[in-house]
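Colleague: Have a look at this fold, sequence not included:
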């Protein structure tokens with residue numbers, strides 16, 4: 001302890017600054033360095049122990065939040081003698097500070113609400129104000145979304161990262177495509193001549209859709225997920241297998257294939273199915289309506 005005090009006295013003499021301010025400054029720096037070291041140690045341990053990328057990222061982010069709180073508590077002890085005077089000063093500037101800091105405070109508590117209520121989490125696909133994308137980061141004040149192409153119903157990443165303040169969850173509706181379960185219903189429409197053999201065409205379409213390696217495994221997974229859901233949500237489906245709906249439109253019949261798919265794989269699966277349909281058309285297994 002004497003060594004520390006002697007060092008503080010030495011710095012005070014060199015800088016010509018009162019020792020109490022030197023002590024305050026150096027203790028603050030020391031607290032910061034301790035927290036930085038702890039963050040690196042915790043990150044190293046997590047990287048060593050946790051192999052799953054998504055879990056590792058979540059643990060690292062949560063550890064940062066926890067250590068930031070510890071850092072604030074440490075600073076409160078260091079600045080204890082000055083906090084009372086600071087509160088007095090704040091009382092005179094309360095109106096200005098309230099206006100300046102209200103958004104920061106609101107975003108901070110909204111960030112805690114997102115974490116505890118699990119409005120969404122990392123890798124969830126969400127949509128806010130016509131911006132759809134995958135959540136890449138959730139911090140104390142904001143969250144980031146990797147945007148996907150909105151021109152397509154299940155588009156792919158544009159590479160653009162959009163950042164929202166946490167408080168937006170109370171002012172704008174949020175669509176979460178993966179909150180309750182991983183899969184959504186996707187649809188694709190096919191036009192066939194009105195006088196075609198619908199039974200034959202539907203049989204071939206069911207064969208195509210049910211032979212897809214991704215699609216055919218999902219119904220059982222979806223049923224299992226729903227059966228394990230909490231009672232907080234009343235959601236059920238009567239059928240999980242792919243379905244084909246029929247609708248007459250003008251001089252052709254519209255067949256709509258409806259099937260379960262993961263949102264991030266929807267565009268790829270849609271493309272694979274269309275390739276199979278085109279192949280079946282060329283092999284004269286199905287007919288397609290082509291307007292002259």
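Modeller: Everything's here; your move. Keep in mind that this is a model prediction, so the values were computed, not measured.

Colleague: where exactly do the helices run in the stretch 1-150 of the chain?
Modeller: Along the stretch 1-150 of the chain, the segments classed as helices by DSSP state H, counting those that start in this stretch run 2-15, 19-49, 53-78, 80-92, 94-117.

Colleague: ditto for the stretch 151-292 of the chain
Modeller: Secondary structure of the stretch 151-292 of the chain by DSSP H, counting those that start in this stretch: the helices cover 198-210, 218-227, 266-282.

Colleague: Which one of these lies nearest to residue 74?
Modeller: helix 218-227 (43.4 Å; CB to CB). (Each C-beta comes from the backbone N, C-alpha and C, glycine too.)

Colleague: From what I see, residue 212 and residue 275 are in contact.
Modeller: No. The criterion here is CB atoms under 8 Å, and residue 212 misses it with residue 275 at 10.8 Å.

Colleague: Please say which of these two ends up with more neighbours.
Modeller: Taking other CB atoms under 10 Å, residue 212 and residue 275 do not tie; residue 212 has more neighbours (17 against 11).

Colleague: how close does the more buried one sit to residue 172?
Modeller: 36 Å (CB to CB, to the nearest Å).

Colleague: and if you look at residue 55?
Modeller: 29 Å.

Colleague: now do residue 124
Modeller: Residue 124 sits 16 Å away from residue 172, taking CB to CB as the criterion.

Colleague: which stretches of the stretch 151-292 of the chain have low pLDDT?
Modeller: Along the stretch 151-292 of the chain, segments meeting pLDDT under 70 span 151-156, 180-181, 223-238, 292.

Colleague: how about the strands in it?
Modeller: Assigned strands in the stretch 151-292 of the chain, in chain order: 157-165, 175-176, 184-193, 243-249, 252-261 (criterion: DSSP state E, counting those that start in this stretch).

Colleague: so what strands line up beside the shortest one?
Modeller: Strands flanking strand 175-176 in the sheet, each with its direction: strand 125-128 (antiparallel) (DSSP bridges).

Colleague: Look at the closest residue to residue 71 other than its chain neighbours and say how many residues are nearby.
Modeller: With CB to CB, 6 or more residues apart in numbering as the criterion, residue 71 has its nearest non-adjacent residue at 4.5 Å, and that residue is residue 35. Here the number of neighbours of residue 35 (other CB under 10 Å) works out to 18.

Colleague: quick one: pLDDT of residue 35?
Modeller: For residue 35, the pLDDT comes out at 88.

Colleague: That one reaches residue 70, doesn't it?
Modeller: Yes. Contact criterion CB under 8 Å: residue 35 and residue 70 qualify, at 6.8 Å.

Colleague: Let me know the distance separating the residue nearest to residue 71 from residue 68.
Modeller: Between residue 35 and residue 68 the computed distance is 8 Å (CB to CB).

Colleague: and the residue nearest the centre of the chain, bridged to which residues?
Modeller: The centre of the chain sits closest to residue 135, judged by CA atoms, centre = their mean, with a distance of 2.5 Å. In this entry, residue 135 is beta-bridged to residue 145, by DSSP bridges.

Colleague: That one touches residue 142, doesn't it?
Modeller: No. Here residue 135 does not reach residue 142: they are 11.5 Å apart, not a contact under CB under 8 Å.

Colleague: Spit out the residues that contact residue 35 and residue 68 alike.
Modeller: Counting by CB atoms under 8 Å, 6 or more residues apart in numbering, residue 35 and residue 68 have no common neighbour.

Colleague: could the helices of the stretch 151-292 of the chain be laid out in TSV, adding distance to residue 166?
Modeller: Output for the helices of the stretch 151-292 of the chain, formatted as TSV (distance: least, CB to CB, whole Å):
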stretch	distance to residue 166
helix 198-210	41
helix 218-227	28
helix 266-282	28
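
Colleague: For residue 161, which of the ones you listed is the nearest?
Modeller: Among the helices of the stretch 151-292 of the chain, helix 266-282 sits nearest to residue 161 (CB to CB), with 20.1 Å.
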